[in-house]
Structure formats: C-alpha cells, structure tokens
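Peer 1: Predicted coordinates and the sequence they were generated for:
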Amino acid sequence: MPEAVRLVIWDLDEVLWKGTFTEGGIQYDHGVHQTVIALAQRGIMSSICSNNDHAQIRALLVEKGLWDYFIFPSIAWQPKGPRLQAIVEAAQLRPETILFVDDNPTNRAEAQHFVPGIQVSNERVVPEFLVRPLFQGKDDRGLVRLHHYKILERRHIESQAEGADRNGFLRASNIRVDIDYDVEANIDRAIELINRTNQLNFTKQRLPEDPGEAREALRGILRNHWIQAGLVRVSDIYGDYGFCGLYVFSNVRTGAHLLHYCFSCRILHMGVEQWLYDRLGRPGIAVIGEVLSDLNAHDAAPDWIALGPGNDQGVWSSRIAEFSCVIARGTCDVSAIIHYCKPISRETYEEIAALRHGIEYSVDHSLVTLHAARGGDAQAEAVFCSVGYQHHDLTSYLFSAWPGRSVKLLSFFGDTCIPVYRHRKTGVRVPLAIQAPIRNLIDLADEALSDHPEPVRLQALRDILRADFEYEGFIREPDFKANVRGILAAIPPGEIYIIRPVHSFIKNDAVVEYQPTIESVAVWLDEVLVDFPDIRSISLSDFVEDQEEQHTANFFDRRVYYRAFQALRDGRPETGRHGRSRPDSELWRDAMPIRQIQG
C-alpha cells in the first residue's frame with residue numbers, strides 16, 4: 001500500500017503548465033499553481049526536476065509568486081535519474097514518501113531505476129491530489145515545514161560549495177542545541193517525533209495512533225520518577241529548525257537506557273544525535289531497524305555543536321557558565337539532578353547506591369563514604385568486599401580537587417534506612433540490606449530465602465554474616481556525626497551541597513507518612529552543618545509547585561529535580577519556592593522513605 005506523500009517532485013512542461021517552455025506559447029495552469037500552495041499548507045513539500053533553462057524558469061515562477069514554494073529545484077539539461085537521486089538525498093526523506101510527476105513514461109521508469117521505492121505518476125492525477133488520502137498531510141497554514149526546508153536548502157547549497165570541507169562547514173555553521181524539559185507543554189510534537197520519524201528513530205517504540213490515547217500513554221511514561229526526557233531544539237546560522245528531536249531516558253539502578261530516541265531528518269548529518277548521546281552518558285539503547293546514523297561512529301563527540309542559546313522557560317541558556325566538574329554521591333535523588341548537569345559540565349561522576357542481585361549496597365551511607373575519604377585501608381576494604389561491595393563503591397571523586405567551577409552533591413539517605421553489621425574480628429561496620437522489608441539478615445529464616453530473586457546468593461551472604469558479623473541496627477547519633485564531620489572535613493573547598501532527608505509528607509493537608517528514624521538523621525545532620533557554614537543543604541520540597549508533583553513520600557516529578565538543578569546551577573539552592581534557607585523540620589512538606597528507593 002502506498003505511503004502518505006511528504007514531497008512531490010514536479011516536471012514542468014505538460015505538468016505545471018500546458019505546452020513546452022522552450023517552444024513558447026505555454027498555458028500557465030493556475031489550478032496546479034493553487035495545488036502547490038495548498039500542499040505546502042498541509043506540510044507537503046514540492047520540488048522540481050525538469051529539463052529547462054534554470055534562469056528563465058526561475059524568473060517565470062518568481063513573477064508568478066510560486067518560486068519560493070519549491071525546495072531543492074533541479075532545472076537543467078542533464079538526465080533526470082541522477083538529479084532525482086540528489087533531490088531525495090538533500091530532502092532526507094525515504095523514497096516511499098516521495099511522488100515524482102512526469103508526463104513522460106521513460107522519465108518515470110528512469111526515476112524508479114535510480115530511486116527504488118519512489119512513487120511515480122502522470123499529470124492526469126494532479127487535479128485529484130487534494131482529495132486523495134495520501135495527500136491529506138497535516139495543517140501547516142503557517143508554512144513552518146516549508147520554512148524549515150528552506151533553511152535546509154540554504155545549508156545544502158553552501159555545504160556543496162566547491163572544495164568545501166564537511167567538518168569545516170559544520171564548525172562554521174555555529175550549530176546550537178537547546179533542551180526543553182517541559183515535554184508536556186509540547187506533547188503533540190513529541191508524539192509526532194515518536195510516531196512519524198523513521199530514518200533517525202533509533203528505538204521505534206510507537207505510541208497509539210489515536211491522539212488522545214497517545215497523549216495519555218506518553219504522559220503515563222513521563223510521570224514516573226525514574227524518567228528523564230527532553231525535546232531537542234536545533235539552530236545554526238541559517239535559521240531555527242524547531243523541535244526536531246526527543247529523548248526519553250529511564251534511569252534506574254539496574255542500568256540506564258533510552259526508551260525513545262528520535263530525530264527529524266532535517267538535522268541529518270549534523271551530528272546532533274551523536275553529540276547528545278555522548279552528553280547523556282552513552283546509556284543503553286536497543287536500536288530497532290535501519291537507522292541512517294551510527295551513534296558510535298566517532299571516538300569523540302562532534303566538537304562543532306554547542307549548548308544554547310535559550311531562555312529561562314526550561315531551556316538551556318548560553319549565559320550560564322559550564323561546570324568544570326559535577327560529582328554526585330547518593331541515590332536516585334542526586335542521580336535525577338545530575339542528569340541535568342551533564343550537558344553543561346565538562347565532566348560528571350555519578351556514585352549511586354547500587355542494587356546488585358537484589359542486595360542493596362549503600363554507597364551513600366556515611367560509613368562507606370568515610371571509608372572512601374580515608375582510603376588505603378586494605379583490611380577494611382577486604383571486610384566490605386567480603387559481603388559484596390566492590391572497589392569502586394569504596395572510592396570517591398568527592399575528595400579530589402578540581403579546577404574551575406566544580407560542584408559536589410551528596411546525600412546520607414542510606415543512614416536513614418540501611419542497617420549496620422559489625423565485623424567481629426576487625427570492628428569494621430558495614431551497611432547492608434535486601435530489597436524487601438527491613439530485617440536482620442543474620443536471623444533470616446530458610447523459608448524467607450525463597451522470596452528473594454537470587455536465594456542461593458542471599459543464603460551465602462547470610463552465612464557470611466552469621467559467621468563473621470554482629471547486627472547493630474541503624475547507625476547511632478555519635479557515629480553518624482563523627483562520620484559526617486570526617487567526610488566534610490576531607491572534601492576540598494568548593495561548592496558542596498547536601499540533600500537533607502526529611503520525615504513527613506503532607507498531601508491534601510494531611511500528614512500521610514512520618515518516619516522518626518529519618519527525622520533523627522535530619523536533626524543530627526543539621527547540628528553538624530552548623531560547624532560547616534560554607535556547605536549548603538537542599539530540600540526538594542522547596543521546589544514543588546503543585547502537590548501532584550510529589551508522587552509518593554520520596555518520589556517527585558522530574559520537573560522538581562529540574563528546578564533544584566536550576567537553583568544549583570544559578571548558585572541559589574538554599575532558596576526554593578518558599579524563599580527560606582534550611583527550613584525547620586516542622587515546615588518541611590516532603591519525606592524520604594524508610595526504605596531504600598527502587599530505581
């Protein structure tokens with residue numbers, strides 16, 4: 001079944017008008033003239049492939065007011081096949097979405113030979129274009145799509161200049177990328193990118209064709225706290241290409257991956273998709289079908305693309321200086337914030353609590369971070385590793401000095417919810433838990449092992465704990481305070497921020513959760529921070545603008561994390577929506593959970 005037409009390539013003689021131009025006496029067809037305009041208003045482009053004199057034809061169509069409705073016109077005396085190939089390549093569309101109209105059957109056959117898959121037709125069907133289903137297009141009376149193609153045409157002409165170096169041309173083009181995180185505000189464009197792009201749609205995970213169902217499905221995905229998403233806007237010295245890309249990124253502790261990664265073909269060969277993939281940290285992606293770009297084609301990301309310009313409505317702004325480095329140590333809260341730092345930071349390091357084999361390894365616990373601060377204690381490291389910690393869990397970039405504007409973001413959420421075990425022989429304390437209701441793993445009964453995803457591994461861990469460790473429960477106040485003091489004293493001076501755990505969650509004017517363990521840790525942390533006035537704390541609840549943005553006690557809409565990032569980026573993290581610094585605990589409106597978060 002033929003596909004919907006996105007581009008019509010017109011012959012001229014006996015098609016756009018009656019007669020042959022070089023023989024004089026043509027009869028200009030005003031009906032076809034209006035058809036070209038009507039197609040453009042439906043987002044269906046027009047081009048020309050004709051054997052004629054370019055200057056004379058251009059002069060005629062300029063006089064008629066139609067010349068600017070054509071993109072990549074090819075008017076010359078050379079064979080049409082190779083020229084059609086060039087038009088298709090320049091337009092960056094699949095041949096199946098292109099129709100070539102010519103009154104000559106030989107020319108139509110030549111088109112199909114040189115451009116396999118292209119649709120062809122004679123001039124007799126032109127009067128039916130506007131009523132045929134394949135030409136319904138999409139309302140574009142503002143001619144936005146035509147505008148974007150005219151920009152592409154200008155770029156194409158200059159890039160094809162004799163002797164032009166491709167990378168040199170791209171560097172001279174001043175390609176800029178803006179990322180708008182308010183996907184919901186442009187949800188129809190996001191759906192269009194997911195459902196309509198092909199050549200640069202890496203994931204091809206389509207949404208329902210019904211617009212209402214598609215909006216509901218995409219909003220359902222975007223509501224999840226572990227999702228990050230952005231619309232990609234591209235511009236260069238030739239113009240603004242609009243929103244021509246989308247990513248939807250799932251960031252869970254078991255592995256980050258892209259659910260949607262798709263771009264309009266209007267930015268093909270710019271390197272935007274490769275540049276952004278690198279900025280996102282090269283997450284996992286299952287590429288589906290044929291794609292006209294290789295995300296791993298370059299050893300390094302394209303160096304001809306820059307971030308910005310933008311504005312303060314959720315788009316990156318060029319007035320903001322890049323970070324030299326951002327280091328985040330914690331759990332999903334810091335991971336969600338650092339996601340926004342990556343595009344504007346030369347280096348980012350995520351040290352995130354790990355879930356391995358259903359067992360939680362709390363790198364954000366003060367005991368683990370303090371070990372990383374001290375470093376070099378082989379005996380202690382051996383104890384940690386005996387229960388499954390890995391070397392990289394026990395080291396941290398927090399304690400390195402970085403030039404320029406470096407930011408260090410950490411939390412001690414693990415101290416609120418992960419029990420501690422003491423190694424009998426060495427006295428080393430290790431935090432450890434399983435992804436289930438909190439319990440003493442030493443006392444774990446055999447029948448409870450079957451509920452775990454890897455019962456054999458859990459049994460081996462339990463046996464090690466029984467043989468070598470004692471259960472102590474949650475960290476005690478003197479130990480926590482000593483640990484945090486040791487950690488903060490070891491971090492070199494700079495911008496240091498701590499996400500403060502809180503204990504109550506208010507929704508619809510009712511406290512729906514209260515966690516005394518978290519309250520205790522929060523109070524202890526405040527008491528320590530009094531002695532570290534240059535270290536600031538962040539309350540995510542300060543950045544909640546609507547109760548619906550707080551999904552549970554510990555999970556927020558991604559826009560909350562984005563606002564926290566904006567405050568951090570601008571150097572104002574202590575003042576959120578309420579304009580207060582380090583709020584009193586009874587004023588706080590969010591609560592971190594008593595259990596380690598999933599994802």
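Peer 2: Structure's in. What do you need?

Peer 1: from here on, contacts and neighbour counts on C-alpha atoms
Peer 2: OK.

Peer 1: For the residue nearest to Pro431 when sequence neighbours are not counted, list the residues it contacts.
Peer 2: Leaving out its chain neighbours, the residue that sits closest to Pro431 by CA to CA, 6 or more residues apart in numbering is Val420, at 4.3 Å. Val420 makes contacts with 429-432, 471-475, as judged by CA atoms under 8 Å, 6 or more residues apart in numbering.

Peer 1: unless I'm mixing things up, Val287 is touching Gln199, no?
Peer 2: No - assessed by CA atoms under 8 Å, Val287 is found out of contact with Gln199, at 11.7 Å.

Peer 1: Of these two, which one has the most company?
Peer 2: Set Val287 next to Gln199 and count neighbours by other CA atoms under 10 Å: Gln199 wins out with 20 against 15.

Peer 1: Any figure for the gap between that one and Gly289?
Peer 2: Gln199 is 9 Å from Gly289, where distance means CA to CA, to the nearest Å.

Peer 1: Now for these two: what residues contact both?
Peer 2: Counting by CA under 8 Å, 6+ apart, nothing touches both Gln199 and Gly289.

Peer 1: Which residue ranges of the stretch 351-500 of the chain form helices?
Peer 2: For the stretch 351-500 of the chain, the helices defined by DSSP state H, counting those that start in this stretch occupy 366-374, 378-386, 414-417, 455-468, 477-490.

Peer 1: and stretch 116-125, how far apart are its ends?
Peer 2: So stretch 116-125: terminal residues 21 Å apart, CA to CA.

Peer 1: Can you point out the buried residues in that stretch?
Peer 2: Residues 117-120, 122-123 are the ones in stretch 116-125 that count as buried (16 or more other CA atoms under 10 Å).

Peer 1: Adding mean neighbour count and distance to Gln228, write the helices of the stretch 351-500 of the chain out as TSV.
Peer 2: Shown next, in TSV, are those (neighbours: other CA atoms under 10 Å; distance: least, CA to CA, whole Å):
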stretch	mean neighbour count	distance to Gln228
helix 366-374	23	27
helix 378-386	16	33
helix 414-417	26	23
helix 455-468	16	32
helix 477-490	17	30
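
Peer 1: For Trp10, find the nearest of those.
Peer 2: For Trp10, the closest of those is helix 414-417, at 66.6 Å, according to CA to CA.

Peer 1: so what does that closest one touch, helix or strand wise?
Peer 2: Judged by 3 or more CA pairs under 8 Å, 6 or more residues apart in numbering; DSSP states H and E, the packing partners of helix 414-417 are helix 516-529.

Peer 1: Tell me how far the helix it packs on lies from the chain's centre.
Peer 2: 35 Å (CA atoms, centre = their mean, to the nearest Å).

Peer 1: could you turn it into PDB, dropping everything but the C-alphas?
Peer 2: Extracted C-alpha coordinates of helix 516-529, given in PDB (Å, rounded to 0.1, in the frame of the first residue of the first chain):
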ATOM      1  CA  PRO A 516      11.100   9.100  63.200                       C
ATOM      2  CA  THR A 517      14.400   7.400  62.000                       C
ATOM      3  CA  ILE A 518      14.700   9.900  59.200                       C
ATOM      4  CA  GLU A 519      13.800  12.800  61.500                       C
ATOM      5  CA  SER A 520      16.600  11.800  63.800                       C
ATOM      6  CA  VAL A 521      19.200  11.700  61.000                       C
ATOM      7  CA  ALA A 522      17.900  15.100  59.700                       C
ATOM      8  CA  VAL A 523      18.300  16.700  63.100                       C
ATOM      9  CA  TRP A 524      21.800  15.200  63.500                       C
ATOM     10  CA  LEU A 525      22.800  16.500  60.100                       C
ATOM     11  CA  ASP A 526      21.600  20.000  60.900                       C
ATOM     12  CA  GLU A 527      23.600  20.000  64.100                       C
ATOM     13  CA  VAL A 528      26.800  19.000  62.200                       C
ATOM     14  CA  LEU A 529      26.200  21.600  59.400                       C
END
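
Peer 1: right, and the helix or strand after that helix?
Peer 2: strand 536-538 (DSSP states H and E).

Peer 1: tell me the mean pLDDT over the next helix or strand after that next one?
Peer 2: The helix or strand immediately downstream of strand 536-538 is helix 558-569, counting by DSSP H and E. The pLDDT scores in helix 558-569 average 86.

Peer 1: Read off the pLDDT value for the most centrally placed residue in the chain.
Peer 2: Residue closest to the mean C-alpha point of the chain, counted by CA atoms, centre = their mean, is Tyr247 at 4.1 Å. Note on Tyr247: pLDDT of 96.
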